[in-house]
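Colleague: Task: produce atomic coordinates for the following.
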Amino acid sequence: MFSFFSNTLTVKPFGNLAALALTLFVSLLFFGCGGSGNGGGDPRNLNGYVVSFYDDTLELLGTDNIAEGAIVDLDDKKSEYGVEDWYQAKSTTALGETFIPRSDINFYATQGVIEISNQAELDAMRDSLSGKYILIKDIELKATGAGFEGAQGWLPVGSPPPTPFRGILNGNGHKIRGLWINRPSGSEVGLFGRIEAGTIKNLGVEIDDNNGGIQGEERVGGISGWVQQGSTITNSYSVGSIRGTTHVGGIAGYIQISSAITNSYFVGNISGTYYAGGIAGYIKQNSRIATSYSMANISAYIGVGGIAGYVIESNINNNAAIHQEVNATSVVNRISGYVSSSNKVSNNFALSSTRIVIEGANGNAGTLKSDAELKAEMTYSDAVNGNGKGGLGWDFETIWKIDEGEGYPYLYWEDR
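Modeller: Have a look, this model is predicted:
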């Protein structure tokens, strides 16, 4: 779980109060990161009013004491670092008094957010598919628990169609372990069946290969079988084995209509017959896969790619495909097996030693590099502009990290 190390936040005065009205500094420990944001507001309503963040100091504006129940929402930093946390005043708080962390008080209900701490509560999402949810601990799924249907395993949330998940699930840096699904004739198969205008973020899904992993027929993925209508999956991952007949992906099987997967990864094995990819099997209609990576063995009959199997009128940018083997009879390549002429597929890297059977005539191999080159930041930051953000668009300040010479790029939010 990503969280702040301090147990309390202390309100401190700063500067010339007569000249400033009142400026509050809230001291905290946060990995020693820096940055800046903009905003302003009355501290009686602190939600989102972050002015700047630098060194170990969070600066807030205000003119009065902080009322009981006021919330400091560190929303300004979550998109950059993939974390979020809240602090709430335990009483009317004057200078020198303290906030206590969210983990010590249950206030999500007042924000319309439902806490999930066990398998039964996770399963209950299917009863309110437009709800807002947050995990507050890791969840170990049991076949005898809620949401499992005997030998078929987990029943995907937002399944059967047409009942998609339209809500928000914030994994909060936690993971769901022990997911397995055995529905070889089922469509829209994954932790979620179909996500429509929904959001999944900060979530890990660890598939139970000892029970056969995830198996479906059509639109099969580690997090969701089908993602559409402006949905997003970000700062998330899945690991394990996934099998299907058509549209099979490590994160999602099928993506369409302005949907996106970003800052995410898959590690494992994928097999299918048509349209299989390390992140998604099939992506179309102005959708996007960006700043993500896949480390997998992938095999299917036709339409296979290390990031996406088939790409129609969509963007595939700044991804890495690091595979031992990408295998198909035809229409196969290291990044995408097939891309339409209107696609923007750029700044992707692939391991040159990846075993590949047939390269797709209309596919995309990415920029091929050796193992050693893929472990060097300069590979991705060619024509670097001086601030750690490469001319190729690879940002090693806020999105990617790399252990120079020792490993491949990984995402900033990963706990390594």
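Colleague: CA only for contacts and neighbour counts going forward, please
Modeller: Noted.
Colleague: neighbours around the residue lying closest to Ile136 once chain neighbours are set aside, how many?
Modeller: Beyond its immediate neighbours in the sequence, the residue positioned closest to Ile136 (C-alpha to C-alpha, 6 or more residues apart in numbering) is Ser117, lying 5.6 Å away. By the other C-alpha atoms under 10 Å criterion, the neighbourhood of Ser117 contains 14 residues.
Colleague: which residues touch Ser117?
Modeller: Remark: with contacts taken as C-alpha atoms under 8 Å, 6 or more residues apart in numbering, Ser117 is in contact with 135-139.
Colleague: try it again with 7 Å
Modeller: Shown in contact with Ser117 (C-alpha atoms under 7 Å, 6 or more residues apart in numbering): 135-137, 139.
Colleague: Backbone dihedrals for it, please?
Modeller: phi -130, psi 0 (degrees, to the nearest 10).
Colleague: What of Asp209?
Modeller: Its backbone dihedrals place Asp209 at phi -70, psi -20, with angles given as degrees, to the nearest 10.
Colleague: Now do it, the pLDDT please.
Modeller: Model confidence at Asp209, given as pLDDT, is 98.
Colleague: so what's it up against?
Modeller: Under the criterion of C-alpha under 7 Å, 6+ apart, the neighbours of Asp209 are 240-241.
Colleague: how many other residues sit next to Lys175?
Modeller: In terms of burial, Lys175 registers 22 neighbours under the definition other C-alpha under 10 Å.
Colleague: Just the element for it, please.
Modeller: strand 168-179 (DSSP states H and E).
Colleague: Can you give the contact residues for that strand?
Modeller: Counting by C-alpha under 7 Å, 6+ apart, the neighbours of strand 168-179 from elsewhere in the structure are 1-2, 131-141, 154, 198-208.
Colleague: average model confidence for it?
Modeller: The average pLDDT within strand 168-179 is 94.
Colleague: Parallel or antiparallel, list what pairs with it.
Modeller: For strand 168-179, the pairing partners within the sheet under DSSP bridges are strand 132-135 (parallel), strand 139-140 (parallel), strand 199-207 (parallel).
Colleague: most packed of these?
Modeller: strand 199-207 (a mean of 24; mean count of other C-alpha atoms under 10 Å).
Colleague: what does the very next helix or strand once past that one contact?
Modeller: Next in sequence after strand 199-207, counting helices and strands by DSSP H and E, comes strand 214-215. With contacts defined as C-alpha under 7 Å, 6+ apart, strand 214-215 is touched by 180-184, 241-244.
Colleague: what's the pLDDT at Pro164?
Modeller: 96.
Colleague: rewinding a little: tell me which of the contacts of strand 214-215 fall in strands.
Modeller: 181-182, 241-243 (DSSP state E).
Colleague: re the thing from before, tell me the one of the contacts of strand 214-215 nearest Tyr310?
Modeller: If you rank the contacts of strand 214-215 by distance to Tyr310 using C-alpha to C-alpha, Gly244 comes first, at 15.4 Å.
Colleague: What residues does the closest one make contact with?
Modeller: With the criterion set at C-alpha under 7 Å, 6+ apart, Gly244 makes contact with 215-218, 220, 271-272.
Colleague: Would you reformat these as CSV and include pLDDT, secondary structure and distance to Gln285?
Modeller: As requested, the contacts of Gly244 are exported to CSV (pLDDT from 0 to 100; DSSP: H, G, I helix; E, B strand; the rest coil; distance: C-alpha to C-alpha, whole Å):
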residue, pLDDT, secondary structure, distance to Gln285
Gln215, 98, strand, 26
Gly216, 98, coil, 24
Glu217, 98, coil, 23
Glu218, 97, strand, 19
Val220, 98, strand, 19
Ser271, 97, strand, 24
Gly272, 96, coil, 23
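Colleague: what's the farthest-apart pair in the residues you listed?
Modeller: So for those, where distance means C-alpha to C-alpha, the most widely separated pair is Glu218 and Ser271, at 12.2 Å.
Colleague: Which residues does stretch 346-356 contact?
Modeller: Taking C-alpha under 7 Å, 6+ apart as the criterion, the residues outside stretch 346-356 that touch it are 316-327, 334-335, 366-371, 392.
Colleague: Mind jotting down where the strands sit in the stretch 51-200 of the chain?
Modeller: In the stretch 51-200 of the chain, the strands defined using DSSP state E, counting those that start in this stretch lie at 52-54, 57-61, 71-73, 86-89, 98-101, 113-116, 132-135, 139-140, 168-179, 181-182, 187-189, 192-196, 199-207.
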